[in-house]
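A.B. asks: Give me a model of this one.
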Amino acid sequence: MKPAPGPDQPPVPVRLVTFNTHHGVGLDGRHDLPRLATVLADADADLICLQEVDRRFGERSEEVDQALLLSRALDMQLAWGPAIDRPRGGDGSRQYGNALLSRLPLLVSDVHALPGSGEPRSALRTLVELDGGTLWVTTTHLTTGPAPHRAAQVRALLDLQTTPMGAGVLVGDLNTEPDAAELAPLRERFTDAWQLAREREDEVGWRFWHREHGETHPARRPVRRLDHVWVTAGVTVAAARVLEGAGASDHRPLVVDLEVPSGV
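C.D. replies: Residues are numbered from 1 along each chain as shown. All right, here's what the predicted structure looks like:
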């Protein structure tokens, strides 16, 4: 039997990426899934959290199953969380939503619809196994609508984070800045990984006075920090950086190097 982790065991390092992929269409207007796969492979992450992913959704993404093709290209396990699921006239369904790609074993995965009108939104909640522990990962994409609608979605997300869950991260394109009023309940229970990171780096040389601000959107010249990673108490962050992203999307990828307590 494997011994229980002791209090002096070091934390488990986990590299995580979050990236709004814009259904694989880059700044040049081309759908280029190999380009997107290259950007993700270069990040060398254990967990990749993606938003705006298509599965046979339509011509804009050449009718392909992006989630499956990316998981195969990167040789990673796949968890899928559709926000939109529409019939295709007898040939499966057209889906669009969030995906998690993982090098780590997936133990649990479920999908939760979020409240609000307009474009449907959802949260993909996954439990991954670590060496000596586990980590809950919730991937989401909040509305671009009014702040009260995002506030309702934040409350729904927090309802998914139950007390016995242990270490966790909440990840995704929240369509607002980290200090927004509607994220106040989130700040009570989670910490912004960018601010927690011991080292920070981004690629905004065109505005040198904004270095280390973590801005991810728009990709060509970022001015807003819409893409977030939030961590529960006990999870520390060694480093966070915004990647250039090769123009693969209208967002830039955010990479965080987490340190997850053992035995959680």
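
A.B. asks: can we go C-alpha only for contacts and neighbour counts from here?
C.D. replies: Fine.

A.B. asks: name the element Gly81 belongs to?
C.D. replies: When elements are assigned from DSSP states H and E, Gly81 belongs to strand 77-87.

A.B. asks: could you say what helices and strands that strand packs with?
C.D. replies: helix 66-74, strand 93-102, strand 106-113, strand 122-130 (3 or more CA pairs under 8 Å, 6 or more residues apart in numbering; DSSP states H and E).

A.B. asks: nearest to Glu52, of those?
C.D. replies: Closest to Glu52 of those, according to CA to CA: strand 93-102, at 5.4 Å.

A.B. asks: And the contacts of that closest one?
C.D. replies: Here strand 93-102 makes contact (CA atoms under 8 Å, 6 or more residues apart in numbering) with 46-58, 67, 71, 76-88, 121-124, 139-141.

A.B. asks: can you do 7 Å?
C.D. replies: Residues outside strand 93-102 that contact it (CA atoms under 7 Å, 6 or more residues apart in numbering): 46-57, 67, 71, 76-88, 124, 139-140.

A.B. asks: same check, this time on stretch 24-43
C.D. replies: Under CA under 7 Å, 6+ apart, the answer for stretch 24-43 is 61, 70, 73-74, 245-250.

A.B. asks: do stretch 116-133 as well
C.D. replies: 5, 81-84, 98, 104-114, 134-143, 149, 262-264.

A.B. asks: May I have the residues that are in contact with Thr236?
C.D. replies: With CA under 7 Å, 6+ apart, Thr236 has these contacts: 258-260.

A.B. asks: still on that earlier bit, the contacts of stretch 24-43 in strands, which ones?
C.D. replies: Among the contacts of stretch 24-43, DSSP state E puts none in strands.

A.B. asks: Weed out the non-buried ones from these.
C.D. replies: 61, 70, 74, 245-250 (16 or more other CA atoms under 10 Å).

A.B. asks: want to throw the helices and strands packed on strand 77-87 into a markdown table with mean pLDDT and distance to Gly234?
C.D. replies: Output for the helices and strands packed on strand 77-87, formatted as a markdown table (pLDDT from 0 to 100; distance: least, CA to CA, whole Å):
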| stretch | mean pLDDT | distance to Gly234 |
| --- | --- | --- |
| helix 66-74 | 98 | 30 |
| strand 93-102 | 97 | 22 |
| strand 106-113 | 98 | 21 |
| strand 122-130 | 98 | 15 |
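
A.B. asks: now the ones you listed in CSV, with distance to Asp28?
C.D. replies: Below are the helices and strands packed on strand 77-87 laid out as CSV (distance: least, CA to CA, whole Å):
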stretch, distance to Asp28
helix 66-74, 19
strand 93-102, 22
strand 106-113, 32
strand 122-130, 28
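
A.B. asks: how about those, which one is nearest Pro222?
C.D. replies: Of those, nearest to Pro222 by CA to CA is strand 93-102, at 22.4 Å.

A.B. asks: Look up how far Ala37 lies from Arg86.
C.D. replies: Using CA to CA, to the nearest Å, Arg86 is found at 26 Å from Ala37.

A.B. asks: Pull up the distance across stretch 128-145, start to finish.
C.D. replies: Stretch 128-145: ends 32 Å apart by CA to CA.

A.B. asks: ok so, going back, taking the buried ones among the contacts of stretch 24-43 one by one, which sit in helices?
C.D. replies: 70, 74 (DSSP state H).

A.B. asks: from the buried ones among the contacts of stretch 24-43, which is closest to His217?
C.D. replies: Among the buried ones among the contacts of stretch 24-43, Asp250 lies closest to His217 (CA to CA), at 6.9 Å.

A.B. asks: Grab the nearest non-local neighbour of the closest one.
C.D. replies: Closest residue to Asp250 apart from its sequence neighbours, by CA to CA, 6 or more residues apart in numbering: Ala219 at 4.9 Å.

A.B. asks: that's a helix at that neighbour, yeah?
C.D. replies: No. Going by DSSP: H, G, I helix; E, B strand; the rest coil, the assignment for Ala219 is coil, not a helix.

A.B. asks: ranges for the strands of the stretch 151-264 of the chain?
C.D. replies: 168-173, 191-192, 199-201, 227-231, 236-242, 254-260 (DSSP state E, counting those that start in this stretch).

A.B. asks: Would you reformat the ones you listed as JSON lines and include distance to Gly214 and mean pLDDT?
C.D. replies: Output for the strands of the stretch 151-264 of the chain, formatted as JSON lines (distance: least, CA to CA, whole Å; pLDDT from 0 to 100):
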{"stretch": "strand 168-173", "distance to Gly214": "13", "mean pLDDT": "98"}
{"stretch": "strand 191-192", "distance to Gly214": "11", "mean pLDDT": "98"}
{"stretch": "strand 199-201", "distance to Gly214": "7", "mean pLDDT": "93"}
{"stretch": "strand 227-231", "distance to Gly214": "9", "mean pLDDT": "98"}
{"stretch": "strand 236-242", "distance to Gly214": "6", "mean pLDDT": "97"}
{"stretch": "strand 254-260", "distance to Gly214": "8", "mean pLDDT": "98"}
